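Asker: Model the structure of this input:
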Amino acid sequence: MGEVKRTKLSVKQERAILVSVILPNSTADPRDPLGELASLAATAGAKVVGTVKQKRRRIESKTYLGSGKASDIAQLAIKENADVVIFDNDLSPGQIGALEKIINEEADRSFNDAIKVLDRSELILDIFATRAQTSEAKLQVELAQMEYTYPRLMKMWGHLERIKSGAGGGMGIGTRGPGETQLETDRRLVRKRISDLRADIKKVQDRKTRLVAQRTATHFTICIVGYTNAGKSTLFNTLTAAGTYADDKLFATLDTKTRAWKLERGTEALLSDTVGFVRDLPHGLVASFKATLEEAVHADLLLHVLDVGHPHAQQQFDSVHQVLDEIGVKDKPEILLLNKIDTPEGEEHYPFWRALITGSIPISAKTGAGAAELNEAVYQHVLGHQVEVTLELDLTNGKLLSFIESHTRVLDRQFVDGKAIITTVMGKKILADLSANDQVKVESVNSPRA
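Answerer: Presented below is the predicted three-dimensional model:
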């Protein structure tokens, strides 16, 4: 049959067959290999109508799982009237094309009504396309989709048409793309678009790096990280009353939010929420979202939110650290937050994790339980980065006085003979900058008062 056409407009919920090929080095949870893929599929708008699992020692080069199993999938798709087959594996362009050919010929599906075959990366990219809200996130998603699709153009020309539909709803899974790019007419346009996107994202990354570096220089910065749907945005809202969108969905938000978090005794820090992590996140997506994750790279402290009652909590814990390693975040101070202790599962399992990870804190992002202990722990981290300083400077230097008032916690002010003598608590980075300023005299440096 001809290549699969994937641009059919549809408002119905697509019926999906989920497939997991379990290899010796599989990262899927052996107790429930298709659990996360089912959640991803539901997030993308599919209705799961069948599942197929196969253990293999090695992949089959042509169809990944063998033509016999592909035929079994086709029969299941016929029985369940499926629209899409989703693999919890990354497939090559040739494997997707061969699978689509076998399945659709056996199912006797026409060119315009063909059953699609998607792999895990494409499903995740599709979800991100529906979640991107800001221009920055849309650029990053488009680049990741382009880089995924371009190597597949030779053998999967039918994939091109899915990408011109835009990121709106109403399209089937795998058809939501970055916008009107007319990829089907000229691959050269794809290369140029990728080049332009990289240049635009480089500008975003450079600007974001400068912005984050400036914030880090003047404030203690904290970044919330964790597996998708672990409760990060809910915790962010609880601590800052920011009103960030939070829902019981995978990848509920893609855009980093930063707000002031008032701690104890007048101390303030900047708290950032980030996109949720997931196992086997497509490498192109990690690379293109580096700007979004810049907050974690430069943060003084990480708050790692773990859904402690989740049956795959250990795997999620490991996956987060794997992604952090990939983006260059290593050996950074971290507090593990054992979230959802307000659920029966969380209440049962948090004592194990608290004994396992020194300094971990049981919390409920939803109810605020554990917030006082978290506040105190973070405050102690902030104190470790702060000092109490007595400064002397000219009263006429209004710009410098204004900087000290707005960027430090002033404890005492005295004005003597045209001089301002100010005792204040500040971060060590600000102290370094002020020490290099010949208009300021540093009289004393001490540990901050408790």
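Asker: Low-confidence stretches in the stretch 351-450 of the chain?
Answerer: Across the stretch 351-450 of the chain, residues meeting the criterion (pLDDT under 70) sit at 449-450.
Asker: which residues in it form helices?
Answerer: Applying DSSP state H, counting those that start in this stretch to the stretch 351-450 of the chain gives helices spanning 371-384, 398-407, 428-435.
Asker: Remind me what the longest one packs against, helices and strands.
Answerer: If you count contacts as 3 or more Cβ pairs under 8 Å, 6 or more residues apart in numbering; DSSP states H and E, helix 371-384 packs onto strand 301-307, strand 334-339, strand 361-362. The C-beta positions use only the backbone N, C-alpha and C, and glycine is treated the same way.
Asker: One more: the second one?
Answerer: Using 3+ Cβ pairs under 8 Å, 6+ apart as the contact definition, the elements that helix 398-407 packs against are strand 386-394, strand 419-427.
Asker: Just put those in TSV and tack on mean neighbour count and distance to T27.
Answerer: Compiled in TSV, the helices and strands packed on helix 398-407 are given as follows (neighbours: other Cβ atoms under 10 Å; distance: least, Cβ to Cβ, whole Å):
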stretch	mean neighbour count	distance to T27
strand 386-394	19	41
strand 419-427	19	39
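Asker: want to try CSV for those, with distance to P24 as columns?
Answerer: Listed next are the helices and strands packed on helix 398-407 as CSV, based on distance: least, Cβ to Cβ, whole Å:
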stretch, distance to P24
strand 386-394, 50
strand 419-427, 49
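Asker: Point out the one among the helices and strands packed on helix 371-384 that comes closest to Q414.
Answerer: Closest of the helices and strands packed on helix 371-384 to Q414 is strand 301-307, at 33.7 Å (criterion: Cβ to Cβ).
Asker: which is the next helix or strand following the closest one?
Answerer: Counting by DSSP states H and E, the element after strand 301-307 in chain order, helix or strand, is helix 313-326.
Asker: give me the element R259 is part of.
Answerer: strand 257-262.
Asker: Using CSV, list the CA coordinates for that strand.
Answerer: The C-alpha trace of strand 257-262 is given here as CSV (Å, rounded to 0.1, in the frame of the first residue of the first chain):
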residue,chain,number,x,y,z
LYS,A,257,7.8,30.1,36.7
THR,A,258,9.9,32.0,39.3
ARG,A,259,8.4,33.8,42.3
ALA,A,260,9.7,35.2,45.6
TRP,A,261,9.4,32.9,48.6
LYS,A,262,9.3,34.5,52.0
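Asker: What pairs with the helix or strand following that strand, parallel or antiparallel?
Answerer: Helices and strands here follow DSSP H and E; after strand 257-262, the next one along the chain is strand 268-273. Its sheet considered, strand 268-273 pairs with strand 221-226 (parallel), strand 257-262 (antiparallel) by DSSP bridges.
Asker: burial of L37, as a residue count?
Answerer: Using other Cβ atoms under 10 Å, L37 has 23 other residues around it.
Asker: How about K53?
Answerer: With other Cβ under 10 Å as criterion, K53 counts 13.
Asker: Show me what the helix or strand it falls within packs onto, helices and strands only.
Answerer: For K53, the enclosing helix or strand under DSSP H and E is strand 46-55. When contacts are defined as 3+ Cβ pairs under 8 Å, 6+ apart, strand 46-55 packs onto strand 14-22, helix 35-44, helix 67-80.
Asker: for this structure, which spans come out with low pLDDT?
Answerer: Within the chain, the segments meeting pLDDT under 70 span 1-12, 152-186, 213-218, 242-256, 265-266, 282-285, 287-292, 294, 449-450.
Asker: Longest helix in it, by number of residues?
Answerer: helix 187-218 (DSSP state H).
Asker: Apart from its neighbours in sequence, what residue is nearest N89?
Answerer: V21 (5.2 Å; Cβ to Cβ, 6 or more residues apart in numbering).
Asker: can you pull the contacts of that neighbour?
Answerer: Q54, R56, I59, Y64, L65, F87, D88, N89 (Cβ atoms under 8 Å, 6 or more residues apart in numbering).
Asker: Please apply the same query to P448.
Answerer: Going by Cβ under 8 Å, 6+ apart, P448 touches L383, Q386, V387, E388, V425.
Asker: With distance to A377 added, can I get these in JSON lines?
Answerer: Formatted as JSON lines, the contacts of P448 follow (distance: Cβ to Cβ, whole Å):
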{"residue": "L383", "distance to A377": "11"}
{"residue": "Q386", "distance to A377": "15"}
{"residue": "V387", "distance to A377": "20"}
{"residue": "E388", "distance to A377": "21"}
{"residue": "V425", "distance to A377": "19"}
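Asker: Who are the packing partners of the helix or strand encompassing A144?
Answerer: Assigned by DSSP H and E, A144 belongs to helix 135-149. In terms of contacts (3+ Cβ pairs under 8 Å, 6+ apart), helix 135-149 is packed against helix 120-131, helix 187-218, helix 283-288.
Asker: Among the contacts of V21, pick out the one closest to P311, please.
Answerer: Comparing the contacts of V21 against P311 with Cβ to Cβ places D88 closest, at 16.7 Å.
Asker: What count of nearby residues applies to the closest one?
Answerer: 26.
Asker: what about it, distance to I102?
Answerer: Distance of D88 to I102, computed by Cβ to Cβ, to the nearest Å: 19 Å.
Asker: One more: K428?
Answerer: Applying Cβ to Cβ to K428 and I102 gives a distance of 63 Å.
Asker: Looking at these two, which is more packed in?
Answerer: Remark: of K428 and I102, I102 carries more neighbours, 20 against 13, as counted by other Cβ under 10 Å.
Asker: For the residue nearest to that one when sequence neighbours are not counted, give me its contacts.
Answerer: The spatially closest residue to I102, leaving aside those adjacent along the chain, is A70, at 4.5 Å (Cβ to Cβ, 6+ apart). A70 sits next to T63, A98, L99, I102, I103 when contact means Cβ under 8 Å, 6+ apart.
Asker: Now, these that are in helices?
Answerer: A98, L99, I102, I103.
Asker: Just give me the neighbour total for the second one.
Answerer: For L99, the tally of surrounding residues (other Cβ under 10 Å) stands at 27.
Asker: and what of the first one?
Answerer: Using other Cβ under 10 Å, A98 has 21 other residues around it.
Asker: so it sits right up against S61, yeah?
Answerer: No: using Cβ atoms under 8 Å, A98 is not in contact with S61; the gap is 9.7 Å.
Asker: what touches both of these two?
Answerer: With Cβ under 8 Å, 6+ apart, A98 and S61 have no common neighbours.
Asker: how close does R354 get to L125?
Answerer: R354 is 37 Å from L125, where distance means Cβ to Cβ.
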